[in-house]
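1. Mind folding the following:
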Amino acid sequence: MEGNEKLEKARERVIETIAQNIHLYGLVPSAGRQYGMMFFQNEPLTLDDMTEKLGMSKTSMSTSVRALSDLKLVERAWKRGVRKDLYKVTDDWYQSFIDLFSIKWRRSVTLHQVAIKKSLAELEELSKDPAVSGELLEEVQVDIEKLKYIKNYYEWLDRLVDAFEDQKIFELVPIVNESENSDPTD
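-> The predicted model follows:
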């Protein structure tokens, strides 16, 4: 196998793995292939370039680029003399993950906290109603305890999102560069 074939095979393996896992970002496999292809390019690409390299429609490329851009996985680039929009993969995968994680979980946490607060208030009020039967009161108390438990969980998750956003997560899980981690005697 020639060097170029080995290079392409190695790249294609990674591109296909990205395509298989891009669903974690809420995207379809074709967007993953597009992202993977862009990752291995050393120059920003136009939608026409992407269409030519992947054999997909320009509309499909445009839709995927917009979705990738919304998730901050790709960004617009500028190149002197080029009038068409250019795109490249963002340089900081760590920040891209933090952005995605924070956006998705912050929204979820907020929605849950609002629902839990409202439900807890209603159940606390119900538990003080003298007309409530003993059997119903027991169920209400069980539900109150369950809601307090998940309230604590979402407070913890909120702090976790904070740790990502202020990058304190890297104190717990440091970024290690391959060159720093390799044994020179290997």
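2. Please identify which helix or strand holds residue 75.
-> Assessed by DSSP states H and E, residue 75 sits inside strand 74-77.
3. which other helices and strands contact the next helix or strand after that strand?
-> Of the helices and strands lying after strand 74-77 in sequence (DSSP H and E), the nearest is strand 86-89. Counting contacts by 3 or more CB pairs under 8 Å, 6 or more residues apart in numbering; DSSP states H and E, strand 86-89 is packed against helix 29-39, strand 74-77. Using the backbone N, CA and C atoms, a C-beta is placed for each residue, glycine as well.
4. 6 Å instead?
-> Helices and strands touching strand 86-89, by 3 or more CB pairs under 6 Å, 6 or more residues apart in numbering; DSSP states H and E, are strand 74-77.
5. in the strand it packs on, what's buried?
-> Buried positions in strand 74-77, judged by neighbour count with 16 or more other CB atoms under 10 Å: residue 74.
6. what do you get for stretch 12-20?
-> In stretch 12-20, counting by 16+ other CB under 10 Å, buried: 15, 18, 19.
7. what's the answer for stretch 133-147, then?
-> 140, 144, 147.
8. taking those residues one by one, which sit in helices?
-> 140, 144, 147 (DSSP state H).
9. Please report the distance of the first one from residue 73.
-> In other words, residue 140. Residue 140 sits 46 Å away from residue 73, going by CB to CB, to the nearest Å.
10. for residue 48, same thing?
-> As for residue 48, its distance to residue 73 is 20 Å (criterion: CB to CB).
11. higher neighbour count, those two?
-> The neighbour comparison of residue 48 against residue 73 (other CB atoms under 10 Å) goes to residue 73, with 23 against 11.
12. show me the contacts for the closest residue to that one other than its chain neighbours.
-> For residue 73, ignoring the flanking residues on the chain, the nearest one in space by CB to CB, 6 or more residues apart in numbering is residue 96 at 5.5 Å. Applying CB atoms under 6 Å, 6 or more residues apart in numbering, one finds that residue 96 lies in contact with 72, 73, 90.
13. just the helices in this structure please.
-> Under DSSP H, the chain gives helices at 3-21, 29-39, 47-54, 58-70, 93-127, 134-165, 169-172, 178-181.
14. Check the offset of the second one from the chain's centre.
-> Think helix 29-39. Relative to its parent chain, helix 29-39 has a centroid offset of 15 Å by CA atoms, centre = their mean, to the nearest Å.
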